[in-house]
Structures are given as structure tokens and as C-alpha cells.
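K.L.:
Everything below, folded, please.
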Amino acid sequence: MKSHTEYLIIETRKPREMVHITDKVEAVVRRSGVDDGLCFVSPMHITAAIYVNDLEDGLIEDIGQWLDELAPARPDYKHHRTGEDNGDAHLKSLLLHHETTLPVTGGHLDLGTWQRVFYAEFDGQRPKRVIVKVLGIEK
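P.N.:
This is a model prediction of the structure:
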């Protein structure tokens, strides 16, 4: 069994952004040499998430609105007693999942027709790391 690890650096222009990273993750899988296995993708920050969904602008906006309804920005989060002001970012990351594990078949991500991988940033505008770990059998 082979293990291959790389880190992606993602720097968003806005505090909150959904970044399509399927091509970057696929490139890591190709470089790994793994033919059959699993690809684990996780942000190394607690105010970010990784999720799989459709690459469609309206849906991405809908997801953002849904997150704002469930975890709105507001001043009364107990987390803010620490001097932080990003309580909503922590909650939003929980709602979208912290990581995902994807199948690798034939040396490529084995995704459904519309499935794409996204990095969701909720407290951005600085460089953040995403770990991509590929495990499996070599070609």
C-alpha cells in the first residue's frame, strides 16, 4: 500500500468564499501514483470546510444563504468572549463537514457526473492549508 501527502495553499480574496478545487485534488491523485484507493481531503483550519456538490453558481449562493440562516454573524456568540469575532465561521464549518474521503479508481478521482470538490472559507483573506492524502495500491 502506498501513501502520498501534499498540501494545497488557498488564499481567498474575501472573508467567505467557496473555492472549486477538484482539479487541484485530481492533480495530487495523479502525482501519487495510486491506481485504486482513497483520497482524503481536509482543511487544516477550524473555520473552513471541504464539501462535495454541484459546480453551479445558483446552488453555491443558496448554500451561502442557508449557512447564514443557520449560523448568522452576530455579536453575542460566547466564543467572542475570547476576543475573537468569528463564532459564526466555526459553526458554518461544522455544517458543511470538515473533510471528505473520495474514491480513486484507475488513477483518478471516481466522482459522480456532477460531483465537484470545494474548499469553503468562512474567515479568510490569508493563506490556509488543505491536506490531501492518497492511500492505495500503485499502478
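K.L.:
for this structure, what's the longest strand?
P.N.:
strand 127-138 (DSSP state E).
K.L.:
now for that strand, which elements pack on it?
P.N.:
With contacts taken as 3 or more C-beta pairs under 8 Å, 6 or more residues apart in numbering; DSSP states H and E, strand 127-138 sits against strand 2-11, helix 22-32, strand 34-43, strand 48-53. (C-beta placed from N, C-alpha, C; glycine too.)
K.L.:
Residue 103 bridge partners, please.
P.N.:
Going by DSSP bridges, residue 103 is paired in beta bridges with residue 38.
K.L.:
What's the local residue count around it?
P.N.:
Look at residue 103: counted by other C-beta atoms under 10 Å, it has 13 neighbours.
K.L.:
Would you check that it makes contact with residue 112?
P.N.:
No: the criterion here is C-beta atoms under 8 Å, and residue 103 misses it with residue 112 at 10.3 Å.
K.L.:
quick revisit: can you list the helices and strands packed on strand 127-138 in a markdown table and add mean neighbour count, mean pLDDT and distance to residue 131?
P.N.:
A markdown table is the format used below for the helices and strands packed on strand 127-138 (neighbours: other C-beta atoms under 10 Å; pLDDT from 0 to 100; distance: least, C-beta to C-beta, whole Å):
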| stretch | mean neighbour count | mean pLDDT | distance to residue 131 |
| --- | --- | --- | --- |
| strand 2-11 | 14 | 97 | 6 |
| helix 22-32 | 18 | 98 | 10 |
| strand 34-43 | 19 | 98 | 5 |
| strand 48-53 | 21 | 98 | 10 |
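K.L.:
In JSON lines, list these along with distance to residue 118.
P.N.:
Shown next, in JSON lines, are those (distance: least, C-beta to C-beta, whole Å):
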{"stretch": "strand 2-11", "distance to residue 118": "11"}
{"stretch": "helix 22-32", "distance to residue 118": "8"}
{"stretch": "strand 34-43", "distance to residue 118": "10"}
{"stretch": "strand 48-53", "distance to residue 118": "5"}
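K.L.:
List just the one of these that sits closest to residue 95.
P.N.:
Judged by C-beta to C-beta, the one of those that comes nearest to residue 95 is strand 48-53, at 7.8 Å.
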